[in-house]
Each structure stands twice: as structure tokens, then as C-alpha cells.
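Visitor: predicted structure and sequence below. I'll ask about it afterward.
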Amino acid sequence: MTQPSATTAARILDGKAIALEIQNEIRDEVAALVEQTGKRPKLAAVLVGDYPASQVYVRNKEMACKRVGMTSELIRLSAATTTEELEQLIERLNTDEETSGILVQLPLPKHIDAQRILDAIDWRKDVDAFHPYNVGLLSQGRPQFLPCTPYGVIQILYRSQIKTAGKKVCIIGRSDIVGKPLASMLVQRSSPIGPDWANATVTLAHSQTPNLAAVTSDADILIAAIGQPEFVKAEMVRPGATVIDVGINRLGERLVGDVDFESVKEVAGAITPVPGGVGPLTVTMLLNNTLIAARLKNGG
């Protein structure tokens, strides 16, 4: 693929359109599973407290379930809920025959032991792929579930025909939710969509990385996942590089990513917008994992 010059505006990678394409595929697979087994995949989402962004995310997940023919259950709990009370609920959902997948919306109130809660979820219903068993399988290159946002990033690259094999990929951010699992996926010898979307040379940059701009500007693919609004500037991007913006931040009335979109789009070869980039794929891959969980529960 010929790299665009620095003066050519970047191709905008439309996450909404890609998410809709995948959701249509999932809807067909759900219909086939229901016809075969008579059982419909069900996602149970647990929301503790009234954090506004979490309420939006959970509502989006409910709507997405409906679009693909899955059922969903939203369980709202008081912000005063204890770790022990939440554990009891998780145990009930673990043994509920109708529940295919369990999602505990993060962040949890500070007094709740989040790691203890995530560890309590049955790994076979862990559709966020946060359970240590699923993290271990991922690191060995034989995942049961792929974490939703990282897999969404790879789906954007795949469906935009931007290969990672043999490429230099820089990820800014080392979180357990995005940075570390995405790095683990990209360095594998293959992926669920083939070796062309693995086999990358990955640099996992973070707050302690010296001379960060020199590191990021050497990358063929730059992925920003640090939670700092408009942190990545044009001078940090190699001309013609692909830029994937995982961040979502509020600046006044605006939603912005971790990338300074207006300046970077003049340098990059391709870029995801915020909103409308990675976000819709995160929800979509959650649906995909719920479908996988339902298949496992029904014998394949």
C-alpha cells in the first residue's frame, strides 16, 4: 500500500459503519443459534451507583443486544453496595442457566474491591475477558474470549485492510483493559482473523517512556489509549502512519479523544475519529463474546 504524503488528509476509519457490519453478522449467527438450540444468548449487566458515563455505556449495550436479537438484563445497585453483596449477586448469575455472559460496569465505587469482583465471575461467562484465567489464555495465544476494546481495534484494522504483520506498532498506555492485552494480541503469531493481523513489533509506551515523541513517530501504527485529551500532536506522528484513538474525554461540551484530531489528520495516512471510531467496536465485540459464551454453554 502506498503511503500518503504528509500533505494528504488522512482516510477516516468509520467505526460506526464497521460496527454495524459486524453486528449484522452477529445477528445472523444469533438467529441460527436460536433455531438450532431454542435458546437466545443473554447478557447480564451490573451497574453499581449512578456514574453518568457508565449509565450511557450500559444503555448502549442494551440497545446493541436488542439489535442483534440477544436478550439483556440490567441490574442496578446502590452506590452503597458492599463487595460481599456484589459477590453474592455474581454467584447467582454464575449459576443462572439463562445467563450467557456477565458484565460488571467499571469503574466501581472506590470502597468495592474491583479485582475481587472480576475474579468472582465464572471465566466461561467473562465476556469482558478480565478474569485471570482468560488473561492467561490470551497471553499463551489460545484465548477463549478476546478483550473487547483491543479486539475492536484489530477489527478496525482488519476491515480497513491495514495489516500489522511486519509493522512497527506503538501503543501509548499500559492499562489492563487496553494497552497490555492489545500488545499481547499483536505480538502473537496469528489471530482469529489470520496472521496478517498479528506478527507486529510492538512498543508499549507509557508515562515513564523517555523521549516519547521519538518513539511514537517511528511507528507505522500508533494507538493512543492513555486517557489524556488531545495528547498526541502532529509532531508525534510519522507521516502516513495509521492512528487509532482509543480515548474518549470531555472537554467542556466536546467529546475528544487522546489524539489532537484536527492536526494529526493532516499528517496521518488513516485515523479514527472520536466519537465514532473505536467506541462502537467495543460494544460490538462484547456482543461477539456473548455469542461465543452462549455457544460454549450449548455445547459448541
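Guide: Perfect, I can see it now.

Visitor: longest helix of this protein?
Guide: helix 15-37 (DSSP state H).

Visitor: what is it packed up against?
Guide: When contacts are defined as 3 or more C-beta pairs under 8 Å, 6 or more residues apart in numbering; DSSP states H and E, helix 15-37 packs onto helix 52-68, helix 148-159, helix 279-297. Every C-beta, even on glycine, is put in place using the N, C-alpha and C of the backbone.

Visitor: counting by contacts, list what the next helix or strand after the second one packs against.
Guide: The reference is to helix 148-159. As assigned by DSSP states H and E, the chain's next helix or strand after helix 148-159 is strand 168-172. Counting contacts by 3+ C-beta pairs under 8 Å, 6+ apart, strand 168-172 packs against helix 179-186, strand 201-205, helix 212-216, strand 221-224.

Visitor: quick one: which of those is nearest Gly141?
Guide: helix 179-186 (8.5 Å; C-beta to C-beta).

Visitor: for that closest one, which helices and strands make contact with it?
Guide: Against helix 179-186 (3+ C-beta pairs under 8 Å, 6+ apart) you get helix 132-139, helix 148-159, strand 168-172, strand 201-205.

Visitor: the longest helix of the chain: how far from the chain's middle?
Guide: 18 Å (C-alpha atoms, centre = their mean, to the nearest Å).

Visitor: now do the contacts for the closest residue to Ala165 other than its chain neighbours.
Guide: Among residues not flanking Ala165 along the chain, Asn199 sits closest, at 3.9 Å (C-beta to C-beta, 6 or more residues apart in numbering). Under the criterion of C-beta atoms under 8 Å, 6 or more residues apart in numbering, the neighbours of Asn199 are 164-166, 187-190.

Visitor: now the buried members of the residues you listed.
Guide: 164-165, 187-188 (16 or more other C-beta atoms under 10 Å).

Visitor: and the contacts of stretch 243-263?
Guide: 10, 13, 149, 153, 156-157, 172-173, 178, 221-234, 237, 264, 268, 270-275, 277-279.

Visitor: out of the helices and strands packed on helix 179-186, the one nearest Ala31 is which?
Guide: Taking these one by one with C-beta to C-beta, helix 148-159 is closest: 21.1 Å.

Visitor: tell me what angle the closest one forms with helix 15-37.
Guide: Helix 148-159 and helix 15-37 are oriented at 100 degrees to each other (axes from the mean of the first three to the mean of the last three C-alpha atoms, to 10 degrees).

Visitor: tally of neighbours for Arg76?
Guide: 13 (other C-beta atoms under 10 Å).

Visitor: so what's it up against?
Guide: Leu47.

Visitor: least confident of the helices and strands packed on helix 15-37, on average?
Guide: The minimum mean pLDDT among the helices and strands packed on helix 15-37 belongs to helix 52-68 (a mean of 89).

Visitor: any idea which helix or strand comes after that helix?
Guide: strand 71-77.

Visitor: now do that following strand: distance to the chain's middle.
Guide: 21 Å.

Visitor: and it, which residues are buried?
Guide: So strand 71-77, judged by 16+ other C-beta under 10 Å, has buried residues 72-74, 77.

Visitor: ditto for stretch 110-125
Guide: Buried-residue list, stretch 110-125, by 16+ other C-beta under 10 Å: 112, 114, 117-125.

Visitor: export only the CA atoms of it, formatted as PDB.
Guide: Extracted C-alpha coordinates of stretch 110-125, given in PDB (Å, rounded to 0.1, in the frame of the first residue of the first chain):
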ATOM      1  CA  LYS A 110     -13.900   3.000  45.400                       C
ATOM      2  CA  HIS A 111     -14.900   1.000  48.500                       C
ATOM      3  CA  ILE A 112     -15.600  -2.100  46.400                       C
ATOM      4  CA  ASP A 113     -12.700  -4.400  45.700                       C
ATOM      5  CA  ALA A 114     -12.900  -4.400  41.900                       C
ATOM      6  CA  GLN A 115     -10.300  -7.200  41.300                       C
ATOM      7  CA  ARG A 116     -12.100  -9.500  43.800                       C
ATOM      8  CA  ILE A 117     -15.400  -8.900  41.900                       C
ATOM      9  CA  LEU A 118     -13.800  -9.500  38.400                       C
ATOM     10  CA  ASP A 119     -12.200 -12.700  39.800                       C
ATOM     11  CA  ALA A 120     -15.500 -13.900  41.100                       C
ATOM     12  CA  ILE A 121     -17.100 -14.000  37.600                       C
ATOM     13  CA  ASP A 122     -17.200 -17.500  36.100                       C
ATOM     14  CA  TRP A 123     -14.500 -17.400  33.400                       C
ATOM     15  CA  ARG A 124     -16.900 -19.100  30.900                       C
ATOM     16  CA  LYS A 125     -19.200 -16.100  31.300                       C
END
